[in-house]
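> can't give you the sequence, but here's the structure:
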């Protein structure tokens, strides 16, 4: 039996987005995940996934023919430069500006950029400032 390995946070197990134009979404997310150092985990004719995010076309079995509504997803960045690079990669791959890189008033050191993906989802990259993580991720093996 093959061992599978996952890395998870604490709250979200996974999120599914059902999109109108899968190739456009795959191009966009592949570009921003490359900047964020998150590999694409797998692809199929009607889906792709990376970490906790599963993206499919409306005609995929998992979607049941229904597009998802507008969502806000925030991806963690390792530093401010990565937030800046995320923003540039997103714009170069079909995103629309929804708030350029900069500090936000949410808490001291909150540095983020916002874009709208090809389906209008509000996608954010955020660096929370100098902090120490107890672990890079939760490592699950089964």
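Great, that's in hand. Here the structure is a predicted model, which is why all the values come from computation and not from measurement.
> whatever helix or strand residue 114 lives in - what's its average pLDDT?
Following DSSP states H and E, one finds residue 114 within strand 111-116. For strand 111-116, mean pLDDT rounds to 96.
> next: stretch 56-72.
87.
> start to end distance for that stretch?
Stretch 56-72 has an end-to-end distance of 17 Å (criterion: CA to CA, to the nearest Å).
> just stretch 117-124 next, same as before
OK, stretch 117-124 end separation, CA to CA: 10 Å.
> gap between it and the chain center?
10 Å (CA atoms, centre = their mean, to the nearest Å).
> same check on stretch 60-80?
With CA atoms, centre = their mean, you get 7 Å for stretch 60-80.
> contact partners of it?
Here stretch 60-80 makes contact (CB atoms under 8 Å, 6 or more residues apart in numbering) with 15-20, 32, 36-38, 46-47, 53-54, 56-59, 83, 86, 101, 111-112, 119-128. Where you see a C-beta, it was placed from the backbone N, CA and C, and this is true even at glycine.
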